[in-house]
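In: predicted model and sequence follow; I will ask about them next.
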Amino acid sequence: MGETTTVTRPPEPDFSAMTTEELLAYRDAENRFRASGAARSILGEPHPGAAIDWQEIALPGRDLPVRVYRPALTGNGEATVRTDLPLVVHVHGGGFVGTAAQCDWTNSHLAARLPALVVSVEHRLLAPGSPLANAVEDGWDVLVHVVRHAARWGADPARTAVFGESCGALISALTAVRAREAGMELRAQVLVNPVTDVTRTMFDYASMTEYAYSPTRALPLLRFLRQLSVPPGYDARTVSPLYAHNLRGLAPALVVVPTSDAVADHGRRFADRLRAAGTPVQLCEYPGAKHAFLTLPGVEPQAEAAQTDILQFLRTALAQ
């Protein structure tokens, strides 16, 4: 999980013809790039006021890495460790590729500026034999573990939010539903460019048609994502927040939608469903922004504005 500095980014593969071996090789090369110093010009520099490290959490049947962000200790030698920080459990985007390290810019700013403890889930990535349900379980199990052991983590379990991007937003949305069902009170959910539908209707949206191949080749990637997400015979509605049976009584949501994005209508439709169920929701759209723009502050000018909006939303939601 260590970062490196001399890494070349691999070319985008042909997702329509990718073998398992090619997927694993591409994933390894791409994630090494995303975790490298070479990617910082695109992904942004971490906030200097945050301390970042990897830890492992022992979960049922597996040990799972998480990337942990805390306010840095004061520079005057006073080693004061906060024990009452609000908790943000974050899930990175990508689905079959991706690493928590690609989100250092946003998560370090949250840790330093809220301030907060941010725990980013290095979930099991999608692959043949590892469907989306595994990643969903990882998101939930990390939340339960950190809340249950909040004192050990230095967090205030009464001030907890979930936050995800793209496929990670799907995981966070399902986690919010499961938290309500388990009687766990969340203060907020932040869903950035969320994928909310991996059923056969996933592609039946105007934004999917308009942005299928521009500004990026989204459609082949999303078809591959769906292929890996739901094995044959699996009910895709169980991992599609848009088809959740009951969206009442959930934590207030901030839904962040870049408009030049194939899944923009996924976010809009889910915001509509939340609103219809009586769950407070704030929909923020960023004209001309592309998918994953929040992780690309070096090339996406609206990333900073979105980060500011997320900070303000969480600051209000997690206030004592």
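Out: Great, that's in hand.

In: partners of the helix or strand that contains residue 63, with directions?
Out: Assessed by DSSP states H and E, residue 63 sits inside strand 62-71. Strand 62-71 has the following strand partners under DSSP bridges: strand 50-59 (antiparallel), strand 117-121 (antiparallel).

In: list the buried ones in the last one?
Out: Along strand 117-121, these residues count as buried under the neighbour rule (16 or more other C-beta atoms under 10 Å): 117-121. Heads up, the C-betas are built off the backbone N, CA and C, glycines and all.

In: what's the answer for the first one, then?
Out: Neighbour-count burial for strand 50-59, counted by 16+ other C-beta under 10 Å, picks out 50, 52, 57.

In: what does it rub up against?
Out: When contacts are defined by C-beta atoms under 8 Å, 6 or more residues apart in numbering, strand 50-59 is touched by residues 1, 46, 63-73, 104, 107-109, 111-112, 138, 141-142, 145-146.

In: hang on, the earlier thing: which one of the buried residues of strand 50-59 sits closest to residue 232?
Out: Within these, the smallest distance to residue 232 is 31.7 Å, found for residue 57 (C-beta to C-beta).

In: what pLDDT does the closest one get?
Out: Looking at residue 57, its pLDDT reads 98.

In: repeat that for residue 204.
Out: 98.

In: now the one 4 residues further on
Out: Confidence per residue is given as pLDDT, and for residue 208 that number is 98.

In: quick one, strands of the stretch 201-320 of the chain?
Out: Taking DSSP state E, counting those that start in this stretch, the strands of the stretch 201-320 of the chain run over residues 253-260, 281-290.

In: and the helix or strand hosting residue 174, what other elements does it pack with?
Out: Using DSSP H and E, residue 174 sits in helix 167-182. If you count contacts as 3 or more C-beta pairs under 8 Å, 6 or more residues apart in numbering; DSSP states H and E, helix 167-182 packs onto strand 85-91, helix 132-148, strand 155-165, strand 188-192.

In: so how far is residue 249 from the closest residue to residue 157 other than its chain neighbours?
Out: Closest residue to residue 157 apart from its sequence neighbours, by C-beta to C-beta, 6 or more residues apart in numbering: residue 150 at 4.0 Å. For residue 150, the distance to residue 249 equals 22 Å [C-beta to C-beta, to the nearest Å].

In: how much space separates residue 49 from residue 27?
Out: For residue 49, the distance to residue 27 (C-beta to C-beta) stands at 32 Å.
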